[in-house]
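Novice: What would the 3D arrangement of this be:
(one chain, ligands or ions: 2)
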Amino acid sequence: MTQLPAVRFGVFGDAHYAKKIYGNRHCEDSAAKLAECVATFQHARVDFSVCLGDLIDSAADPVMEAGYARTMAAVMAGYAGPWHIVLGNHDVNAFTKARFLKLCAAGHPPWYSFEVNGIHFMVLDGNHLADGRDYEEGNFSWDEAWLSAAQLDWMTADLASVPDRPTVILCHENLAQKPPRDDADPHVLRDAPRARALLEGAGMVTGVVQAHYHEGMEMERNGITYIGVRAMVIGPGLENNAFAVVSVSADGGLTVDGYGQQRDYTLHEGA
Ligand SMILES: [Fe+2]
Ligand SMILES: [Fe+2]
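Specialist: Numbering: from 1, shown residues only. Ligands and ions are numbered 1, 2, ... in the order given. Next up, the predicted model:
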């Protein structure tokens with residue numbers, strides 16, 4: 001039986017806005033791509049929208065880089081509903097986390113949880129050094145990312161506080177990757193095995209929506225759906241845009257309606 005979604009949210013990741021092109025990253029085109037994405041979210045009347053990290057890429061100096069964040073924040077303002085800004089590693093190349101969130105006009109901390117229509121959402125921050133200190137102003141190597149012991153403790157308490165709520169996780173860095181990549185993939189958080197044990201043990205976490213691995217991915221593992229959204233920055237022009245509207249059913253099941261190069265995803269009965 002088809003179930004009406006409890007929640008619908010818009011999501012895009014890895015826009016990497018900057019005045020440059022490198023590799024397959026057409027950074028400057030991301031402002032126009034984001035404008036199309038935001039107009040779609042507004043038209044679709046989603047319940048909220050999510051920036052899933054790496055909104056900007058680097059500039060010659062922090063003043064210019066702050067301008068990139070302000071440019072993208074101004075485009076995001078075209079969606080009138082609530083935004084949740086998930087931090088990515090590139091966002092803290094030149095800034096502290098607090099500074100970047102302020103540039104985006106975000107009034108929330110780096111990690112927190114919220115509820116919409118009976119669904120619990122947890123925003124995670126995978127931008128920590130091995131000792132738990134914050135990534136800030138480029139003091140890190142992108143492929144050694146941690147949630148931190150403090151955040152894992154908070155996750156434990158937060159999950160315990162809502163034992164009956166279907167729960168969806170939002171995180172830039174990856175909590176899991178498909179075989180044969182698995183935990184050896186540098187996009188996966190170093191403490192992902194501990195985090196997954198927590199999420200699987202909680203019994204009501206149904207989905208993880210992540211970014212960072214630009215090609216995107218989808219998989220089911222131990223009862224949890226993992227959606228890696230494709231990077232908005234890949235390729236020139238609007239024909240290479242990538243973003244999604246994700247529907248969450250009352251029991252927490254995820255369906256992805258992909259736009260541009262973002263793939264659709266539906267969990268089939270019995271899959
Ligand atoms: Fe990225
Ligand atoms: Fe990233």
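Novice: just checking, what packs against the strand or helix carrying P193?
Specialist: Here P193, judged by DSSP states H and E, is contained in helix 192-202. Other elements packing on helix 192-202 under the criterion 3 or more Cβ pairs under 8 Å, 6 or more residues apart in numbering; DSSP states H and E are helix 149-161, strand 224-228. To be clear about C-beta, it is placed using only N, CA and C from the backbone, and glycine gets the same treatment.
Novice: ok, and the closest non-adjacent residue to whatever residue of the stretch 51-200 of the chain ends up closest to ligand 1?
Specialist: Among all residues of the stretch 51-200 of the chain, D54 sits closest to ligand 1, at 3.6 Å; criterion: Cβ to the ion. By the measure of Cβ to Cβ, 6 or more residues apart in numbering, the closest residue to D54 outside its immediate chain neighbours is G88, 3.6 Å from it.
Novice: So which residues of the stretch 1-150 of the chain form helices?
Specialist: Assigned by DSSP state H, counting those that start in this stretch, the stretch 1-150 of the chain shows helices spanning 30-44, 62-76, 97-103, 149-161.
Novice: Now do the SS call for the residue of the stretch 101-250 of the chain at minimum distance from ligand 2.
Specialist: Closest approach between the stretch 101-250 of the chain and ligand 2, counting by Cβ to the ion: H212, at 3.9 Å. Using DSSP: H, G, I helix; E, B strand; the rest coil, the secondary structure recorded for H212 is coil.
Novice: Model confidence for it, exactly?
Specialist: For H212, the pLDDT comes out at 98.
Novice: just to revisit the earlier point, would you mark the buried spots in the helix holding P193?
Specialist: 192, 195-196, 198-199, 202 (16 or more other Cβ atoms under 10 Å).
Novice: Reformat the residues you listed as a markdown table; add pLDDT and distance to M76.
Specialist: Below are these laid out as a markdown table (pLDDT from 0 to 100; distance: Cβ to Cβ, whole Å):
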| residue | pLDDT | distance to M76 |
| --- | --- | --- |
| A192 | 98 | 29 |
| A195 | 98 | 28 |
| R196 | 98 | 31 |
| L198 | 98 | 31 |
| L199 | 98 | 28 |
| A202 | 97 | 31 |
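Novice: Next, format these as CSV and append distance to E28.
Specialist: Converted to CSV, those look like this (distance: Cβ to Cβ, whole Å):
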residue, distance to E28
A192, 33
A195, 35
R196, 37
L198, 40
L199, 37
A202, 42
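Novice: Filtering the residues you listed by proximity to ligand 1, which remain?
Specialist: Filtering the buried residues of helix 192-202 for proximity to ligand 1 by Cβ under 5 Å from the ion leaves nothing.
Novice: among those residues, which two are most distant?
Specialist: A192 and A202 (15.4 Å; Cβ to Cβ).
Novice: Contact residues of the chain facing ligand 1?
Specialist: Going by Cβ under 5 Å from the ion, the residues of the chain near ligand 1 are 14, 54.
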